[in-house]
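>>> output the structure for:
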Amino acid sequence: MKKDIDLVMKKNVGFDDNNSAQFIYSDLYQPLAWPDEYPCFIQIHSEWPVQDVPLHWHHGPELIYSRNQEIRFIVDTEKTVIHPGECILISSGAIHNVEPKKEIRNQDVMSLTFKGTYIEKIYPKLRQTKISFVSPDSTDDDRQELVEYCEKLYAILEQDTKDYFALNEVLFHILGLIFNRFVSKECNETQSTKHNHDKMSLVLQYVEEHYQEEITVSSIAMEFGYSREYFSRLFKRYADVSFKQYINGFRLMKASNELYTTDKRIADIAYDNGFADEKSFYASFKKKFNMTPLEYRKSKYEISDQ
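Numbering: from 1, shown residues only. Purely as a prediction, here's the structure:
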């Protein structure tokens, strides 16, 4: 248990000596490796270079707190921004992405992803409930209290000897505050909206399972019973990027994880993550990260020496 919590305090969160990159990214469309003693999975994001997190969803609600940077989100097609010292609350099942500002080298962001099956035992209407940091029932004092609880978590996690009882106490205070003050409304989606939302969740899962293969807009539209044109419009509405841009970014995210966590040849990483050849991989990688894959790999060691 202690190892699970200590992992989040590493300089490169989610990357340990046992190739634990999936601690961050296995939750894109599947449950996280939940610690049994805690109602949520805690991550402190301090990795460099700063990366976007592509569209994904969780079975439970999520709280993200930024200490030092602006972060853009798309949550169920709605765009929002948080600034340093602010939080965002993301509802169970909401399809969302995360776009931190790239200018910040030492980002400091906390995310709490609550276990859906755990929360449903005490809040059965979880999946029909929308939570929001600016819900009508919340006040500025409530929002400030949520931020203060996040800072208390930081203080506990930064101690050499963790007080796990205090950690649990703060987590349950946060849960109580969320469901007492930040429930915005019960969702009343139309049948068509719910159908498209559910289909989009399956599309994201399909990409997770098949990104190493060739996937075209036409092939995935056909897979899910859409015309090419309708699927393109629907996906753009959820992701704010084309499907081609999305899957390219997804492959780059997976490849960048391997650059950090393995000693595989760069050419093998390119092919294993769905790129047609090494040249196209280098070009896409340089465009996204403003450095070559080799420079990115070397940055791991520069950070570890800090």
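
>>> wait, what's in contact with Ser111?
Ile42, Gln43, His45, Glu62, Leu63, Ile64, Tyr65 (Cβ atoms under 8 Å, 6 or more residues apart in numbering). For the C-beta atoms, the positions are set from N, CA and C on the backbone; glycine is no exception.

>>> could you redo the last one with a cut-off of 10 Å?
For Ser111, the contact set (Cβ atoms under 10 Å, 6 or more residues apart in numbering) comprises 8, 13, 24, 27, 40-45, 53, 58, 62-66, 88, 90, 98.

>>> is it in a helix, a strand, or coil?
strand (DSSP: H, G, I helix; E, B strand; the rest coil).

>>> quick one: it from Glu151, how far?
15 Å (Cβ to Cβ, to the nearest Å).

>>> ok, now Val217?
Between Val217 and Glu151 the computed distance is 44 Å (Cβ to Cβ).

>>> again, but for Lys194
37 Å.

>>> elements contacting the helix or strand harbouring Phe281?
Using DSSP states H and E, Phe281 maps to helix 278-289. Applying 3 or more Cβ pairs under 10 Å, 6 or more residues apart in numbering; DSSP states H and E, one finds that helix 278-289 makes contact with helix 243-261, helix 266-272, helix 293-304.

>>> so which of the ones you listed is the most surrounded?
With neighbours defined as mean count of other Cβ atoms under 10 Å, these peak in mean count at helix 243-261, which reaches a mean of 20.

>>> please tell me how far that helix is from the chain's geometric centre.
The chain centroid and the centroid of helix 243-261 are separated by 14 Å under Cα atoms, centre = their mean, to the nearest Å.

>>> what's the answer for stretch 264-284, then?
On Cα atoms, centre = their mean, the centre of stretch 264-284 falls 24 Å from that of its chain.

>>> just stretch 128-147 next, same as before
21 Å.

>>> how about stretch 194-206?
On the basis of Cα atoms, centre = their mean, stretch 194-206 sits 17 Å off its chain's mean C-alpha point.

>>> could I get the full set of helices for the protein?
2-7, 22-25, 116-122, 140-157, 164-181, 191-210, 217-223, 228-239, 243-261, 266-272, 278-289, 293-304 (DSSP state H).

>>> okay, the ones you listed in JSON lines with mean pLDDT and distance to Ile82 next?
Formatted as JSON lines, the helices of the chain follow (pLDDT from 0 to 100; distance: least, Cβ to Cβ, whole Å):
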{"stretch": "helix 2-7", "mean pLDDT": "36", "distance to Ile82": "25"}
{"stretch": "helix 22-25", "mean pLDDT": "33", "distance to Ile82": "19"}
{"stretch": "helix 116-122", "mean pLDDT": "84", "distance to Ile82": "22"}
{"stretch": "helix 140-157", "mean pLDDT": "93", "distance to Ile82": "11"}
{"stretch": "helix 164-181", "mean pLDDT": "91", "distance to Ile82": "16"}
{"stretch": "helix 191-210", "mean pLDDT": "85", "distance to Ile82": "23"}
{"stretch": "helix 217-223", "mean pLDDT": "95", "distance to Ile82": "31"}
{"stretch": "helix 228-239", "mean pLDDT": "92", "distance to Ile82": "19"}
{"stretch": "helix 243-261", "mean pLDDT": "91", "distance to Ile82": "21"}
{"stretch": "helix 266-272", "mean pLDDT": "96", "distance to Ile82": "33"}
{"stretch": "helix 278-289", "mean pLDDT": "93", "distance to Ile82": "23"}
{"stretch": "helix 293-304", "mean pLDDT": "74", "distance to Ile82": "25"}
